[in-house]
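Novice: Have a look; sequence and predicted model below, questions after that.
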Protein chains: 2
Amino acid sequence: MNKILFTMVAMSVALSVNAKRQDAEPIKIIEPVVGLDQQKVELGKMLWFEPRLSASNTISCNSCHNVAKGGVDNLPSSIGHKWAIGPINSPTVLNSDLNFVQFWNGRAKDLQEQAAGPIENPKEMAFTHDLAIGTLKSIPQYQQWFKKAYGSENFTIAEVTDAIATFEKTLRTPNSKFDKWLKGDDSALTVDQLEGYALFKQKGCIACHSGPLAGGQMYQKMGLVKAFKTDNPDIGRAAITGKEFDKYVFKVPTLRNVELTYPYFHDGSVWDLQEAVEVMADIQLGQSLTKSESRKITAFLKSLTGEQPPITLPHLPPSTHSTTRPQI
Amino acid sequence: MNKILFTMVAMSVALSVNAKRQDAEPIKIIEPVVGLDQQKVELGKMLWFEPRLSASNTISCNSCHNVAKGGVDNLPSSIGHKWAIGPINSPTVLNSDLNFVQFWNGRAKDLQEQAAGPIENPKEMAFTHDLAIGTLKSIPQYQQWFKKAYGSENFTIAEVTDAIATFEKTLRTPNSKFDKWLKGDDSALTVDQLEGYALFKQKGCIACHSGPLAGGQMYQKMGLVKAFKTDNPDIGRAAITGKEFDKYVFKVPTLRNVELTYPYFHDGSVWDLQEAVEVMADIQLGQSLTKSESRKITAFLKSLTGEQPPITLPHLPPSTHSTTRPQI
């Protein structure tokens, strides 16, 4: 009886400590999304891997946001239709529903709005929404699946992008070492990682990289203290707002799974995570990190790699006589 | 007791009928491969989806032999490095271990030998074996996995292609409607499909399309009775043997999952299965099929679509400082 009481008290203390840690820390735990409509998820997964949403029938969402590779393609910028090179680094799809806006410049308010973009971007999938819808409607299985998920065979790009966005919401990466530590497992982080996290907060990185994504919650100027040197002509938010002070202002990217999402920055110019940490400290915070400091912060950042989503490949239904042929 | 006896006798008769059907029919049942080394299978699956085996780090085996799409890309010929268009239609990887030789012209004796080709083909993955091995060796997880599967970290292209080939052997598609019928399920085929199969044998299609693959067991001239009209310059086996009589001689392709593997023929010129059936009857057998006949044979061919292999996407380990950067 004493033993049980002791255990209960110990558990209660531990829970209280954990609750305090979770509440106190500026980076928050990531959990899987629950309650999603499974028919929309399954349909969205089909569409995610569907190369017939591109003009050539070879490029799918997964081509540039490869869920086998941290949700990215690990290229400075993606390769699209006819080997067109995209203007900016492809952000990870993992945990992307937690971003406050989508795209580097925030031009889409959510994942559904984002998903419509690449399909008709001539440098990406190079299709049109009408042709994409026509392709899907020419395939009886898609007609049935859309009817099941959305109640009608007369679907539009809105249902296509809603299904894709619903699937994307399943792509959370819980149970990173850092999240285990947040939940109270003191052994989850190494001494270097703990020191790295302390430095991450002390140096000011946390000012932008906080919340469940360790980023993705605000815009910030790239080159806040010192100009960022790049060949990439993207002017960031200014392209949307037309305002001078939005020049080179981008959404702060997530640091979740950053170990997997190289190369770094919107221009994909830096391949080494420790180097990226040093550049950020320098141009965003005006701080010169010692090698030991940047090494420890890098060690901490690697603790943000979570469990990658388990995905069974869908089997896509065949085209029919009325399906648009690939344009190569 | 009588009931049990009756059941046993009935089962025995059924088994005997089934055994006779299986023995008598020229197309044989496909079953999953058993006894494969699971460490090699898992490693091979990683390599199958590994775009870092290509110069651009964007093309994997699965790009042209997409297991979400019947093991093909559904293009007349594949798109490779820098949007190069390949010389010939990509054959399906499904059940491909059952082919008597690999490639359309049989230039590889087995899947292991085949797998080495595309990696260094400048129009496909455009890499070199040395660079591919260097890339894999630069990644500690691959070092460990090769050591586990092959006993050494000092692996070569032979182990890489062996692992890929071992994974490919798992890509069988059992339990097609036709196979169920072969096993004795009389209700598995429709009347049209049964009539189509009878026509398939009567008209002589079976002369080349037999065995478990309904093909893949011999070479045959494309245009045996009448010349095949094509813009494709491939001369088939003659490119290997240098012999005039091997001109336009190709491996007979499998008809397993042919519903999914359009467009048809080595030049990928025909998109409609019924049309492909009519062309074959005409130029290979000198037979003019009625629309009803070609429709029924097509219905039979669709009964050869088997269960597509269930595949969980691997999660690929990140590159390191010494990994070759993508060449775009």
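Specialist: Everything's here; your move. Numbers count the residues shown, from 1 in each chain, chains lettered A, B, ... in the order given.

Novice: For the closest residue to chain B within the stretch 1-150 of chain A, which non-adjacent residue is closest in space?
Specialist: Of all residues in the stretch 1-150 of chain A, A:W83 sits closest to chain B, at 4.2 Å by C-beta to the nearest C-beta. Any C-beta I mention is one placed from the backbone N, CA and C, and that applies to glycine too. Using C-beta to C-beta, 6 or more residues apart in numbering or on different chains and skipping residues adjacent in sequence, the residue nearest A:W83 is B:W83, 4.2 Å away.

Novice: right, and the one you found touches A:I85 too?
Specialist: No: B:W83 lies out of contact with A:I85 (C-beta atoms under 8 Å); the separation is 11.6 Å.

Novice: that older thread, quick check: the gap between the residue nearest to A:W83 and A:I59.
Specialist: 11 Å (C-beta to C-beta, to the nearest Å).

Novice: got it, and A:A165?
Specialist: A:A165 sits 19 Å away from A:I59, going by C-beta to C-beta.

Novice: Of the two, which one has the most company?
Specialist: A:I59 (24 against 21; other C-beta atoms under 10 Å in any protein chain shown).

Novice: nearest spatial neighbour of that one, skipping sequence neighbours?
Specialist: Counting by C-beta to C-beta, 6+ apart, the nearest residue to A:I59 once its immediate chain neighbours are dropped is A:M125, at 5.1 Å.

Novice: do A:Q141 as well
Specialist: A:P317 (3.8 Å).

Novice: if you average pLDDT over the strand or helix carrying A:K296, what comes out?
Specialist: For A:K296, the element it lies in under DSSP states H and E is helix A:291-302. On average, the pLDDT along helix A:291-302 is 98.

Novice: now check it, is it near chain B?
Specialist: No: residues of helix A:291-302 contacting chain B under C-beta under 8 Å from any C-beta of the partner chain: none, with a closest distance of 9.6 Å.

Novice: Show me which residues of that helix are buried.
Specialist: A:E293, A:S294, A:R295, A:K296, A:I297, A:T298, A:A299, A:F300, A:L301, A:K302 (16 or more other C-beta atoms under 10 Å in any protein chain shown).

Novice: ok, now how distant is the fourth one from B:L53?
Specialist: A:K296 sits 34 Å away from B:L53, taking C-beta to C-beta as the criterion.

Novice: cool, the fifth one as well?
Specialist: When C-beta to C-beta is the yardstick, A:I297 and B:L53 sit 33 Å from each other.

Novice: ditto for the second one
Specialist: Relative to B:L53, A:S294 is positioned 32 Å away (C-beta to C-beta).

Novice: tell me which parts of the stretch 151-300 of chain A are close to chain B?
Specialist: So far as C-beta under 8 Å from any C-beta goes, the stretch 151-300 of chain A lies against chain B at A:E259, A:L260, A:Y262, A:W271, A:D272.

Novice: separation between the fourth one and A:Y197?
Specialist: Here A:W271 is placed at a distance of 23 Å from A:Y197 (C-beta to C-beta).

Novice: likewise the last one?
Specialist: Computed with C-beta to C-beta, the distance linking A:D272 and A:Y197 is 20 Å.

Novice: When the two are compared, which one has more neighbours?
Specialist: Higher neighbour count among A:D272 and A:Y197: A:Y197, with 24 against 15, using other C-beta under 10 Å.

Novice: That one is in what secondary structure piece?
Specialist: Using DSSP H and E, A:Y197 falls within helix A:191-202.

Novice: Go through that helix and flag the buried ones.
Specialist: A:D192, A:Q193, A:L194, A:E195, A:G196, A:Y197, A:L199, A:F200, A:K201.

Novice: Just flag the most distant two among those residues.
Specialist: Using C-beta to C-beta, the two most remote members of the buried residues of helix A:191-202 are A:D192 and A:K201, lying 15.2 Å apart.

Novice: Can you show me the strands along chain A?
Specialist: All strands of chain A, identified by DSSP state E, fall at A:219-221, A:249-251.

Novice: Which elements pack onto the last one?
Specialist: If you count contacts as 3 or more C-beta pairs under 8 Å, 6 or more residues apart in numbering or on different chains; DSSP states H and E, strand A:249-251 packs onto strand A:219-221.

Novice: Relative to A:T298, how far out is A:D185?
Specialist: Noted for A:D185: a distance of 21 Å to A:T298, by C-beta to C-beta.
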